[in-house]
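# the amino acid sequence is not available; the structure is as follows:
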């Protein structure tokens with residue numbers, strides 16, 4: 001899936017791209033809101049997190065990512081972490097403790113180089129399988145938003161059939177009209193609907209930031225309940241797969257996007273999130289597909305969205321939760337559906353039925369909620385077959401195709 005259109009201007013000899021802020025770049029900037037908004041709203045309304053604390057780490061990480069990586073590296077909530085926290089109604093102290101543990105772990109792994117060394121052992125078909133599972137997860141989330149909207153979004157909602165039809169129509173139109181900043185048009189329309197359906201005044205200024213109260217029991221609960229289920233997804237998708245898809249889309253312009261650096265930046269952001277009682281964040285290959293699919297090509301997209309999130313966090317954080325809950329979920333579902341479908345299409349660069357079969361197996365097992373098992377088993381199968389065929393000297397030996405982001 002090569003980038004379309006002429007490449008943006010870059011500094012001579014370094015491969016890095018200057019930020020751009022045209023209509024297509026801004027459309028790409030908002031294309032990943034389908035993941036960010038539902039989890040952020042749920043954490044505020046269900047778990048009682050401060051809206052300012054939720055958006056502040058995400059906004060800062062977006063700005064830093066745009067300035068440093070120079071390509072549209074996304075920022076997303078920790079999905080398994082967030083889903084468990086919302087489902088179990090965990091308090092802000094436990095969520096903050098989990099964010100701090102994630103921050104320490106990934107900053108340490110990134111700064112010592114362990115992530116980069118581990119990433120070299122993950123072959124391309126296994127990376128594509130992880131990306132397939134993420135694409136399928138996005139499609140599942142889009143279906144859920146359309147057919148059974150979260151209670152944190154009060155509606156009104158159309159019936160499931162009408163909602164699915166609307167999502168399909170919006171997603172189709174968004175894909176066809178991508179060259180005309182369709183994602184930006186969708187989000188602007190959603191904001192208009194949100195403001196029209198919200199009643200009552202909006203409180204100005206930031207919401208209160210509360211320092212979490214930590215204890216050994218809180219840290220232990222957070223580690224077992226929140227961190228352990230999230231670890232394989234963050235390693236595989238936020239670090240290895242994001243680096244791989246960045247190189248696939250942007251080539252040498254994504255030279256700074258390595259698994260170790262991604263681990264370090266998300267680690268620092270989670271230390272901040274834990275300190276202020278906010279939303280744990282990560283990067284994500286699906287988010288990069290979403291940003292790029294709707295026109296983002298430079299660091300301008302993450303910088304622009306990061307600035308918007310910071311303005312919202314500090315300017316209207318005190319009244320933001322009630323307003324965001326009125327954003328139409330069909331728009332969020334349409335953005336998710338497009339990103340999911342295009343992410344699944346990354347399988348197209350695999351060579352031969354063996355690679356496709358392994359990627360599909362990893363993707364389906366990961367989609368069923370067993371990503372750690374899928375990742376380890378996929379790597380073991382790949383290297384076992386490679387070793388056996390290399391010993392036999394057969395011509396069909398699988399090539400040692402490493403992730404391009406490693």
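Arrived safely. These numbers come from a predicted model, not from an experiment. Numbering: from 1, shown residues only.
# check which helices and strands the host helix or strand of residue 341 is in contact with.
Using DSSP states H and E, residue 341 maps to helix 329-344. Applying 3 or more Cβ pairs under 8 Å, 6 or more residues apart in numbering; DSSP states H and E, we find helix 329-344 packed against helix 33-45, helix 124-147, helix 160-176, helix 182-197, helix 285-293. For glycine as for every other residue, the C-beta is placed from the backbone atoms N, C-alpha and C.
# how about the strands of this structure, start to end?
Assigned by DSSP state E, the strands in the chain fall at 76-77, 281-282.
# for residue 30, which of the ones you listed is the nearest?
strand 76-77 (13.5 Å; Cβ to Cβ).
# just the residues contacting that closest one, thanks.
With Cβ atoms under 8 Å, 6 or more residues apart in numbering as the test, strand 76-77 has contacts from 32, 35-36, 39-40, 43, 58, 279-284, 286-287.
# which residue in the residues you listed has the weakest pLDDT?
Across the set of the contacts of strand 76-77, residue 35 stands lowest in pLDDT, at 81.
# so that residue sits right up against residue 286, yeah?
Yes: the pair residue 35 / residue 286 is scored as a contact, 7.5 Å apart, by Cβ atoms under 8 Å.
# anything in contact with each of these two?
By Cβ under 8 Å, 6+ apart, the residues touching both residue 35 and residue 286 are 76, 138.
# neighbour-wise, which of these two wins?
Per other Cβ atoms under 10 Å, whichever of residue 35 and residue 286 has more neighbours is residue 286, with 30 against 25.
# for the record, mean pLDDT for the helix holding residue 341?
In this model, helix 329-344 carries a mean pLDDT of 88.
# stretch 347-354 too?
The model assigns stretch 347-354 a mean pLDDT of 88.
# which of the residues in it are buried?
347, 350 (16 or more other Cβ atoms under 10 Å).
# how about low-confidence regions in this protein?
Applying pLDDT under 70 to the chain flags the ranges 1-16, 393-406.
# swap in 80 and give it another go.
Residue ranges of the chain with pLDDT under 80: 1-17, 87, 152, 154-156, 179, 199-202, 321-322, 369, 392-406.
# residue 42 and residue 152 touch, don't they?
Yes: counting by Cβ under 8 Å, residue 42 does reach residue 152; the two are 4.8 Å apart.
# who has more neighbours, those two?
A count of neighbours by other Cβ under 10 Å puts residue 42 above the other of residue 42 and residue 152, at 22 against 18.
# coming back round to it: out of the contacts of strand 76-77, who's nearest residue 226?
Ranked by distance to residue 226 (Cβ to Cβ), these are led by residue 280 at 8.2 Å.
# report the separation between the closest one and residue 78.
Distance of residue 280 to residue 78, given as Cβ to Cβ, to the nearest Å: 4 Å.
# overlap in contacts, the two.
Each of residue 102 lies in contact with both residue 280 and residue 78 under the rule Cβ under 8 Å, 6+ apart.
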